[in-house]
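1. the following comprises the amino acid sequence and a computationally predicted model.
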Amino acid sequence: MTHNLSSPISEEAVRKLKVGDQVLISGVVFTGRDAVHKYLHEGGTLPDGVNLDGGILYHCGPVVLKDDNGDWQVTAAGPTTSIREEPYQGDIMKQFGIRGVIGKGGMADKTLAACQEHGAVYLHAIGGAAQVLAECITRVRDVHMLEEFGSPEAVWELEVQDFPAVVTMDSHGGSLHKDVHAQSGDALAKRR
Amino acid sequence: MSRLTESLVELIRRTSAEIPDDVQSAILRGLEQEKEGTIAKSALEIIERNIDLAKRKSQPICQDTGSILFYVDCPVGLNQVEFEQEARDAVKEATRLGYLRQNSVDSITGKNDGTNLGPGSPNLHFHQHASDEIAVRLVLKGGGCENVGAQFSLPNTPLKANRDLDGCRKVILEAVHQAQGKGCGPGILGVCIGGDRASGYEFSKREFLRKLDDRNPDSKLDELEQDILSTANELGIGPMGFGGKTTLLGVKIGAANRVPASYFVSVSYMCWAFRRHGATLASDGEITGWLY
């Protein structure tokens, strides 16, 4: 089933989503990856103008160029591997009110528990599909922490339209990653 | 810009934006195998669309343009110092043009100066050969797939892996299971049996220079490659770890001698966005042909 999902997202809307649902995301998303997660988890504050309440965080380090008019253009923007943020994600989700995290590869128990408790989902985008996903970015609204963290690690504020993803961890304890890990483990045990 | 630098910029552009034919064919075969209506199928459809779009727009297939690995076969007497400088110039220019992301970070200060130049970046491997030809191969290997690589020291008690090919099979399949979808599957494995901790990984990466549809000339390794490919595709990990039939697109295994005390199996994982191209160059640096 395909759902349209627009930010900001209410808890009610997020609780309706189940593992396996395909979604098309529209609205504003903020990128944030390794450096930002560590910074926030160590007590760092969000830059002015960044409000993640009901918002969507995208694990992504895009390729961004300045065009002839001096405007930022995202030319490649697929997801990065999310599991590296596992030590931080659940706490950050709850602290800042994040309802959706876009990434790839899935996350583990601590994040899954936070999704259930707080009301949030993990949205799996297609890793490596940097061109298809960049086409869904209609505008770069702003960039934060560019100097401190460098372009791939900065917080890019992006407007997206119909950005495709799959719910692989929901707010009811469901995780496709856990299921596939267990099933493939059983299949491997039979073939050892 | 010198002709050699121009040629290397073109090699980088092509590698970043255009998937090699052998890889695209394997992805298409995977797409045909997945069931209609599954998220595995739709993942591969998006991947296929992405490949076409990147080529058409001459932009990176994946935003993580990865570690920059040059493999240069060159005649005796080639000035490697100059060649390396030209390769660095090409990397800087390709980064400015957006074929490469600003992807190189100082590990101590955390600074990214946006040039992709620094200790270990780019990484050049020179090999002299008895021919006048210069052949440059380039692999751009993203961090997501690099992070799921694994090195095993045999025997491995929990996996019941002894120092033989069956033991190798067990640990290689374990690496596939551990990786799940985190390395952007369907993936390709480059494996080295033997060597030391450094050369094992080094040789495992060289296996990525082989074409996906070639066959290993060593019949035992060929059998192991085919076995691991078919077994991995029965595990149900699938594209992106969504479940499905296409977990691996290829397995390439080589061997290096070891010291009696060591028995390493080094597994490098390559994502579906397998960026590898190569060109032959004339002595003035002009491209005379493509290798993949």
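-> Done, it's in.
2. touching chain B at all, the lengthiest strand in chain A?
-> Counting by DSSP state E, the longest strand found in chain A is strand A:155-169. Yes: legend: contact between strand A:155-169 and chain B by Cβ under 8 Å from any Cβ of the partner chain is shown at A:164, A:166, A:168. For the C-beta atoms, the positions are set from N, CA and C on the backbone; glycine is no exception.
3. of all those residues, which comes closest to chain B?
-> A:Val166 (5.2 Å; Cβ to the nearest Cβ).
4. the nearest residue to the closest one once chain neighbours are set aside: neighbouring residues, count only.
-> What sits nearest to A:Val166 in space, not counting adjacent residues and going by Cβ to Cβ, 6 or more residues apart in numbering or on different chains, is A:His124, at 4.8 Å. A:His124 has 28 neighbours, counted by other Cβ atoms under 10 Å in any protein chain shown.
5. ranges for the strands of the chain?
-> Assuming you mean chain A. Going by DSSP E, chain A shows strands at A:2-6, A:22-31, A:56-58, A:63-66, A:72-76, A:100-103, A:121-124, A:137-144, A:155-169.
6. my question was about chain B, not that one.
-> According to DSSP E, the strands that chain B contains are B:67-75, B:123-129, B:134-141, B:150-153, B:187-194, B:248-256, B:264-270, B:275-281, B:287-290.
7. touching chain A at all, the fifth one?
-> I take that to be strand B:187-194. No: applying Cβ under 8 Å from any Cβ, one finds strand B:187-194 out of contact with chain A, separated by at least 10.7 Å.
8. quick one: average pLDDT of that strand?
-> Averaging pLDDT along strand B:187-194 gives 98.
9. then stretch A:174-183?
-> pLDDT averaged over stretch A:174-183 gives 98.
10. centroid-nearest residue for chain A?
-> Nearest to the mean C-alpha position of chain A, counting by Cα atoms, centre = their mean, stands A:Ile102 at 2.1 Å.
11. which ones are touching that residue?
-> A:25, A:29, A:56-60, A:79, A:123-125, A:163, A:165 (Cβ atoms under 8 Å, 6 or more residues apart in numbering or on different chains).
12. repeat that for 6 Å
-> Counting by Cβ atoms under 6 Å, 6 or more residues apart in numbering or on different chains, A:Ile102 touches A:58, A:123, A:125, A:165.
13. what's the farthest-apart pair in those residues?
-> A:Tyr58 and A:Ala165 (9.7 Å; Cβ to Cβ).
14. and those two? Which one has more around it.
-> Neighbour count, other Cβ under 10 Å: between A:Tyr58 and A:Ala165, A:Tyr58 has more, with 29 against 25.
15. who touches the more buried one in this structure?
-> A:29, A:31, A:102.
16. without its sequence neighbours, what residue ends up closest to residue 125?
-> You didn't pick a chain, so chain A it is. A:Ala125 sits nearest to A:Pro79 (Cβ to Cβ, 6+ apart), 4.3 Å away.
17. that's the wrong chain, I wanted chain B
-> B:Tyr71 (5.0 Å).
18. to what extent is the one you found buried, counted in neighbours?
-> B:Tyr71 - counted by other Cβ under 10 Å - has 20 other residues nearby.
19. ok, now how distant is the closest residue to chain B within chain A from B:Val105?
-> Residue nearest to chain B within chain A: A:Gly150 (3.1 Å; Cβ to the nearest Cβ). Using Cβ to Cβ, to the nearest Å, A:Gly150 is found at 7 Å from B:Val105.
20. which ones are touching the closest residue to chain A within chain B?
-> When distances are taken as Cβ to the nearest Cβ, chain B reaches nearest to chain A at B:Asn112, 3.1 Å away. For B:Asn112, the contact set (Cβ under 6 Å, 6+ apart) comprises A:150, B:102, B:105.
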